[in-house]
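1. Need a 3D model of the sequence below.
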Amino acid sequence: MSATDLSLRSAVNELYCDHHGWLNGWLRKRLGNAFDAADLTQDTFVRVLKARSALEIREPRPYLSRIAKGLLIDLLRRRSLEQAYLDALANLPEAHHPSLEEQAIVLQALVEIDRLLQGLGPKVKQVFILSQFDGLTYPQIAEHLGISLRSVNNYMAKAMEHCCLMQIKMQLA
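-> Down below sits the predicted model:
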């Protein structure tokens with residue numbers, strides 16, 4: 001093991017020992033749930049390990065809380081999506097309910113799509129969804145939203161570029 005790896009390991013260990021309890025308490029207050037707080041605390045430190053950034057951290061608590069906030073937002077978004085999906089399933093006749101395995105696959109796909117579209121403006125996102133999921137043509141989208149065909153083309157180009165960049169970013173993470 002190299003000297004850099006040993007230094008990094010030592011820095012992560014020190015960061016964990018010094019701030020784990022604080023971060024767990026901070027998350028527990030926001031979540032009201034010790035189990036989710038423990039999971040997000042561990043996920044935060046996993047992110048620090050993956051980033052190999054422990055040696056550069058000068059302000060540990062703001063750094064850890066920023067990572068934890070992002071993970072918390074992801075958790076809440078995922079739960080909101082899951083609840084919306086379960087609500088949609090509840091409106092279907094039971095004979096049309098997918099198996100538990102199919103439900104898990106659909107939910108995973110919804111979370112992935114949501115992650116890809118995160119950061120897009122509402123109009124761009126709406127145009128993308130109408131095109132890709134509702135199957136509308138660009139002229140139909142323009143008419144439906146009361147915008148020009150050129151705007152639809154621009155929004156779709158922006159959405160596709162964003163999705164490609166997000167896909168690359170997620171592969172690198």
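2. Do you have the helices of this structure handy? List them.
-> Per DSSP state H, the chain carries helices over the ranges 3-31, 34-51, 60-90, 100-117, 122-132, 138-145, 149-172.
3. Turn those helices into CSV, including mean neighbour count.
-> The C-beta positions use only the backbone N, C-alpha and C, and glycine is treated the same way. As requested, the helices of the chain are exported to CSV (neighbours: other CB atoms under 10 Å):
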stretch, mean neighbour count
helix 3-31, 15
helix 34-51, 17
helix 60-90, 14
helix 100-117, 13
helix 122-132, 18
helix 138-145, 16
helix 149-172, 14
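4. now those helices as TSV including mean pLDDT?
-> Output for the helices of the chain, formatted as TSV (pLDDT from 0 to 100):
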stretch	mean pLDDT
helix 3-31	88
helix 34-51	92
helix 60-90	91
helix 100-117	88
helix 122-132	92
helix 138-145	95
helix 149-172	89
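5. Pro60 is in contact with His19, isn't it?
-> Yes: Pro60 is in contact with His19 according to CB atoms under 8 Å; the separation is 5.4 Å.
6. any residues in contact with both of these two?
-> Contact criterion CB atoms under 8 Å, 6 or more residues apart in numbering; residues shared by Pro60 and His19: none found.
7. quick one, phi psi at Asn33?
-> phi -150, psi 110 (degrees, to the nearest 10).
8. separation between it and Leu72?
-> 11 Å (CB to CB, to the nearest Å).
9. Equivalent analysis for Ala95, please.
-> 38 Å.
10. Kindly report the same for Glu94.
-> In terms of CB to CB, Glu94 sits 34 Å off from Leu72.
11. Outside of stretch 139-149 itself, list whatever touches it.
-> By CB under 8 Å, 6+ apart, stretch 139-149 touches 123, 126-127, 130-131, 136, 138, 151-152.
12. Pull the distance from that stretch to the chain's centre.
-> 30 Å (CA atoms, centre = their mean, to the nearest Å).
13. Over to stretch 104-120?
-> On CA atoms, centre = their mean, the centre of stretch 104-120 falls 8 Å from that of its chain.
14. and for it, what are the contacting residues?
-> 77-78, 81-82, 85, 98, 125, 128-129, 158-159, 162-163, 166-167, 170.
15. Repeat the analysis, applying 10 Å as the threshold.
-> With contacts defined as CB atoms under 10 Å, 6 or more residues apart in numbering, stretch 104-120 is touched by 73-74, 77-78, 80-82, 84-86, 88-89, 98-99, 124-129, 132-133, 155, 158-159, 162-167, 169-170.
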